[in-house]
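Peer 1: Sequence and predicted model, in that order:
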Amino acid sequence: MSTKLFVGSLSWNTTSAELQNAFAACGEVVEAKVITDRDTGRSRGFGFVTYSDADSATRAIEELDGSTLDGRSIRVDRANDRPKRDRGSTARW
């Protein structure tokens, strides 16, 4: 079972450290990362939290989905693996 969670509807001001602190009550957080725009460095309004075990991830979904963080109601769900892209098949030289 996946231990990586998607966290949506984050405030533009939420940092990775604040995200980790908010989710630490549900279990051991291995990584918490707010995704930022690579050009501007501004938050894109979502992030990911990875737990050391699946039970903590399940608890976080149950307790934190719909809760408020930095004045916004957040969405918490299991992260979907991004499908691998075949970068070589469509290239035209």
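Peer 2: Thanks, I have it. Numbers count the residues shown, from 1 in each chain.
Peer 1: how about the helices of the chain, start to end?
Peer 2: With DSSP state H, the ranges of helices along the chain come out as 16-23, 54-64.
Peer 1: Looking at those, which is nearest to Gly41?
Peer 2: Checking the helices of the chain against Gly41 by CB to CB gives helix 16-23 as the closest, at 12.7 Å. For every residue, glycine as well, the C-beta is placed using N, CA and C.
Peer 1: what's the angle between the closest one and helix 54-64?
Peer 2: If you take axes from the mean of the first three to the mean of the last three CA atoms, to 10 degrees, helix 16-23 sits at 90 degrees to helix 54-64.
Peer 1: residues making contact with helix 16-23?
Peer 2: For helix 16-23, contacts defined as CB atoms under 8 Å, 6 or more residues apart in numbering pick out 5, 7, 10, 29, 32-34, 47, 49, 51, 60, 64, 69-70.
Peer 1: Could you list the low-pLDDT ranges of this protein?
Peer 2: 1, 86-93 (pLDDT under 70).
Peer 1: Need the max-distance pair from the contacts of helix 16-23.
Peer 2: Farthest-apart pair in the contacts of helix 16-23 is Tyr51 and Asp70; separation 20.9 Å (CB to CB).
Peer 1: For the contacts of helix 16-23, pick the one with the most neighbours.
Peer 2: Of all the contacts of helix 16-23, Val49 has the most neighbours under the rule other CB atoms under 10 Å, reaching 29 neighbours.
Peer 1: Spell out which residues sit in contact with it, please.
Peer 2: Lys4, Leu5, Val7, Leu19, Gln20, Phe23, Val29, Glu31, Ala32, Lys33, Ala60.
Peer 1: Redo the helices of the chain as TSV? Include distance to Arg85.
Peer 2: As requested, the helices of the chain are exported to TSV (distance: least, CB to CB, whole Å):
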stretch	distance to Arg85
helix 16-23	26
helix 54-64	26
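Peer 1: circling back to that earlier point, which of the contacts of Val49 sit farthest apart?
Peer 2: Maximum pairwise distance among those (CB to CB): 15.0 Å, between Lys33 and Ala60.
Peer 1: Do I have it right that Gly66 meets Asp77?
Peer 2: No. Under the criterion of CB atoms under 8 Å, Gly66 is not in contact with Asp77, lying 11.1 Å apart.
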